[in-house]
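Asks: Below: sequence and its predicted model.
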Amino acid sequence: MKIYKTVLFTMVMTGFLSFSCFAGDGNVVRLGKINVGDFILDGNIGSTDHRVTKGWFTDLTITNAISGSVDGNAGTVTVAGTTTNNTFYPGVFSAVSGSLAPYTISGWYINPSTGEITFPGVVNATSFASAAVDDPMWAFTPLTEGASKWWVGVNHGGTGSATGPMEFRQSGTAGTDVRVSISTTGALTAAGTINGLTRYVVITTAEGADDTSSSAAFLTDSGESWPTNGYVGMTLYNVTDSSSCTVTANTDTTMTCTLAGGTANAWNSGDAWAVAPGPGQSGSIFYIGAATTILHPSTPGYVAMYYSIGANVVTVDPQSDSMQFVLNGTATGTDGEELDSPGAAGDFIAIHNVSATSAYTLGRSGTWIDGGAS
C-alpha cells in the first residue's frame, strides 16, 4: 500500500488525539496547527533534517536526561534550603554573562551543617572584605595528612566584648592552644620565643647642609658618600625649615622623601639637615662612623643603641626639646640636653623611652656625659 504525502493545515479537536508514528516514502507529515486537549506521541518529534524550531509550554516535565544544550534564560529556579551534614559543590562559570556551561571546582565545597567553606589555593581580595561571624573566623587545614591545623578568630570571651584579642591558635575553641594573640591596643603576646635578626644601620654622617636648589623631595649634599639605600626608613629633618619625612631611597649624595610639617617644606641651598632613627626602626643598632650628632626619637617605648665605629665623639640629642635623658640613674640638668660619648672606638649606649618626655640609658661602654643643651 502506497502512502501519499499528507498536509494538515488546521485541525481542531476537543478530545484525545494519539499518533503512534508517521512513516512513508521518505515523506514528512507536516502539521500546520493542532488544538487538542492531550497530544501523545510515541517516538521522535522531528529528525536531523527536520527540527522543531520553537515551542511554548505552560509547564514542561522531562523525566529523562537532556542530550545536547538548552539555550535561554530561566526566570526563576525553585530551590530548597538544607542543613545536611554533607559536601556540596558550588557551581561556577567561565565568564560574567552569556550562554555558559556550569562547572564545579575540585576541593572547593561547603558543608551546610557546620557552615564551613573549604577551598584550595589563595583568596585574592580587590576590595574591602569583612567576616560577619563569631569565633573562629577561619580554619586552615593542610593538605598533608597529620600536619598542623590552624584557627584564626576573635576571642569575645562569650560576652560579645568589643575588646577581644585576635588569636592564632591550634584549637577551634577560643582561648585554647593560643600561639599568638593581638589585642585591640596593639599588644602582641606569643606563647613561645620570637626569633629573628636584629636590624642595624650603618651611618657615615648624621648631619650636614643641603647644597642644591629648591626641591621638596630631594636633599643633595655633594660632599657625602652614603651607602646606597642605607638610610631608607630613617627620619630626615630639614632643621632650618622644621619639616621632616621618612627616607624612601638614597644615593651616595642624595636622599629622597617629601618634606611635610614645616614652613616651606622644601630644600634650599644651605638648609641644615639631620637624620634620626625612623618610626619603624625601634630595636635597631646604629653604627656611626664619624664624629656627628644623631637625633633620638621621642616616641614612647622606642629603643635604640648607638655604637661608635671609630675614635670619634658621638652626640645623641633628643629630637624633642621636651625630652630628658636619665644617665646612670641621674636625670640630666634640663629637658633637651644631649649625651656625649668619650670619643673611643667601641663606645655605645642603649636608650629606652619610658614616655614621650623621659628616656633611660640601659647600658653603655665608656663614660658618657651630659653634654648640655644642643
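Replies: That came in fine, so what should we check first? Numbers count the residues shown, from 1 in each chain.
Asks: Quick check: Ala206 touching Ala272?
Replies: No - Ala206 lies out of contact with Ala272 (C-beta atoms under 8 Å); the separation is 11.8 Å. C-betas here are computed from N, CA, C, even on glycine.
Asks: okay, the two: which has more neighbours?
Replies: Under the criterion of other C-beta atoms under 10 Å, the comparison of Ala206 against Ala272 puts Ala206 first, with 24 against 13.
Asks: tell me the contacts of that one?
Replies: Ala206 makes contacts with Ala274, Val275, Ala276, Ile288, Thr292, Thr293, Ile294, Leu295, as judged by C-beta atoms under 8 Å, 6 or more residues apart in numbering.
Asks: Now do the contacts for the second one.
Replies: In this case it means Val275. By C-beta under 8 Å, 6+ apart, Val275 lies in contact with Ile203, Ala206, Glu207, Tyr231, Met234, Thr235, Leu236, Tyr237, Val247, Ile294, Leu295.
Asks: Ok, the fifth one next?
Replies: Applying C-beta under 8 Å, 6+ apart, one finds that Thr292 lies in contact with Ile203, Thr205, Ala206, Glu207, Asn312, Val314, Thr315.
Asks: Top of the contacts of Val275 by number of neighbours, please.
Replies: Neighbour max across the contacts of Val275 (other C-beta under 10 Å) = Met234, 26 neighbours.
Asks: quick one, phi/psi of that residue?
Replies: phi -80, psi 160 (degrees, to the nearest 10).
Asks: That one and Val313: what is the separation?
Replies: 21 Å (C-beta to C-beta, to the nearest Å).
Asks: repeat for Ala216
Replies: Ala216 is 34 Å from Val313, by C-beta to C-beta.
Asks: And Thr63, by the same measure?
Replies: 96 Å.
Asks: More neighbours: which of the two?
Replies: The residue with more neighbours, out of Thr63 and Val313, is Val313; 16 against 4, by other C-beta under 10 Å.
Asks: Domain map for the chain?
Replies: When the chain is parsed with automatic domain parsing, its domains come out as 7-41, 131-193, 200-373.
Asks: I'd like those domains as CSV, with mean pLDDT and distance to Ile110 appended.
Replies: Formatted as CSV, the domains of the chain follow (pLDDT from 0 to 100; distance: least, C-beta to C-beta, whole Å):
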stretch, mean pLDDT, distance to Ile110
domain 7-41, 52, 42
domain 131-193, 77, 13
domain 200-373, 91, 41
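Asks: Pick the most deeply packed of those domains.
Replies: domain 200-373 (a mean of 17; mean count of other C-beta atoms under 10 Å).
Asks: Quick check: end-to-end length of that domain?
Replies: 28 Å (C-alpha to C-alpha, to the nearest Å).
Asks: any idea how far it is from the chain center?
Replies: Distance of domain 200-373 from its chain centroid, counting by C-alpha atoms, centre = their mean, to the nearest Å, is 32 Å.
Asks: what about Thr83, which SS state?
Replies: Following DSSP: H, G, I helix; E, B strand; the rest coil, we place Thr83 in the coil state.
Asks: give me every residue that touches Ser322.
Replies: Ser322 neighbours (C-beta under 8 Å, 6+ apart): Ser298, Asp335, Gly336, Ala356, Thr357.
Asks: And the fourth one, how far from Pro297?
Replies: I take that to be Ala356. On the measure of C-beta to C-beta, Ala356 and Pro297 end up 10 Å apart.
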